[in-house]
Structures are given as structure tokens and as C-alpha cells.
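A.B. asks: Predicted model and sequence below, questions to follow.
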Amino acid sequence: VTGQQLAAKLEPVDCKHPQLLYEAKLYRLLFDEHQPGIPSAFWFGVEGGYNILVMERLGPSLEDLFTYCNKRLSVKTCSLLGEQMIARIEYCHSRSFIHRDIKPDNFMMGSGDNAGIVYLIDFGLAKRFWEATSSGMGGHHIRYKENKNLTGTARYASINTHLGIEQSRRDDLEALGYVLIYFIKGGLPWQ
């Protein structure tokens, strides 16, 4: 009716580890019209055996742009992108969530009037790192744990994540460091 282009994300209702309802809730929780870079989710529901999330349509992922640029970005471009990427991660952290899957595919450029804005997407693996008390007053950081399975994308995961240590804010930032190295160097030593 409005002519606005939208995107739909689908997963089978009977998939082994459904994430889309959780992700839809996080988009609604994180979206703030005064905070750029988090896409708006318009609708979540079940149709034809699929969970469906309808959201704002964005431009290409940073991975797609990187490929388009022959797998090399200048230091200046990386700095400009990195500044926005840090701001998106910082915003999620300010809302007590860690992303846990920082990678070029999970950052997208906006479209239209928002073409210069970097968006952070795919919150299916995100986790609250601050556990509030039942009274709402105070709280504590998630507990340190070991022997955790790797969550996220191995190529960009932090050393602690590979060692099985519970992820925290530092791991999102370490993963971002690897993404920026990947953009500047055209790859990572362990690829």
C-alpha cells in the first residue's frame, strides 16, 4: 500500500533450533528511531509452515561490497565503516546484549536516504550479558563459564570463544577487529 520495499526472513516451523521469534523480539527491543543502524521489524507470524519475519529492506552486506571491491578496502574506508560498526555494537551492549556473530555478512548498508548508514543484523545468536535482579534494582554480569560450544562464525570468533569460554562484550569487539583486518588485508592468516 505504501510502496515501501520490505525483506522477509523465513525458517521452517519444525526446524531443530528455531531463532526467528527470538530475533523478532530483539529487533523490536533494540529498534529506536533516534538510534541509526538497527532495522525495524514490521511483522512476525507463521504462514505455510514457516516462521516469517518482515523487516526493513536494506542494501548489500559489507561482505558483498568487499567482494565487489576485489577483496580490498582502503584504510580510510575501513575507518569510516569501523566507526559505524563500533557504534552499532556499542549500542547493543548499552542495551545489555552481546551479538555473538560479528562478521561482514551481518553488517549491511542502508538503502535510499539511509544508503550511508551501516546496519547490524541477525540477532538470532544474541544473548543478554547483564542479568537484572528480580526487583529490577542492580544485577550482575553473566557468570564466567568454560567448556561452551562455539557460538557464531569460527573465522571471526575470538580466541576465548574458540577456547570454550562464555562470550562477553570483549568477544564482539575482538571479532570486529578480525573483520577489519580481513577488510584491510583481503583475508585472515587462518583462512
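C.D. replies: Noted; the coordinates are in hand.
A.B. asks: the helices in this structure, which residues?
C.D. replies: Using DSSP state H, the helices of the chain run over residues 20-30, 62-68, 75-94, 159-162, 169-185.
A.B. asks: TSV for those, including mean neighbour count, distance to Phe123 and mean pLDDT?
C.D. replies: In short, each C-beta sits where N, CA and C put it, glycine included. Output for the helices of the chain, formatted as TSV (neighbours: other CB atoms under 10 Å; distance: least, CB to CB, whole Å; pLDDT from 0 to 100):
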stretch	mean neighbour count	distance to Phe123	mean pLDDT
helix 20-30	18	4	96
helix 62-68	16	17	98
helix 75-94	16	8	97
helix 159-162	14	17	97
helix 169-185	19	12	97
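A.B. asks: show me the contacts for the residue nearest to Ala7 when sequence neighbours are not counted.
C.D. replies: Among residues not flanking Ala7 along the chain, Arg57 sits closest, at 4.4 Å (CB to CB, 6 or more residues apart in numbering). By CB atoms under 8 Å, 6 or more residues apart in numbering, Arg57 lies in contact with Gln4, Gln5, Leu6, Ala7, Ser111.
A.B. asks: ok, the first one to Val118 distance?
C.D. replies: The spacing between Gln4 and Val118, counted by CB to CB, to the nearest Å, is 21 Å.
A.B. asks: which one of these two has more residues nearby?
C.D. replies: For Gln4 versus Val118, neighbours defined as other CB atoms under 10 Å are more numerous around Val118 (23 against 9).
A.B. asks: OK, contacts around the residue lying closest to the more buried one once chain neighbours are set aside?
C.D. replies: Excluding the flanking residues, the one nearest Val118 by CB to CB, 6+ apart is Gln84, at 3.9 Å. Residues near Gln84 by CB under 8 Å, 6+ apart: Gly37, Ile117, Val118.
A.B. asks: I appreciate the help and will end here.
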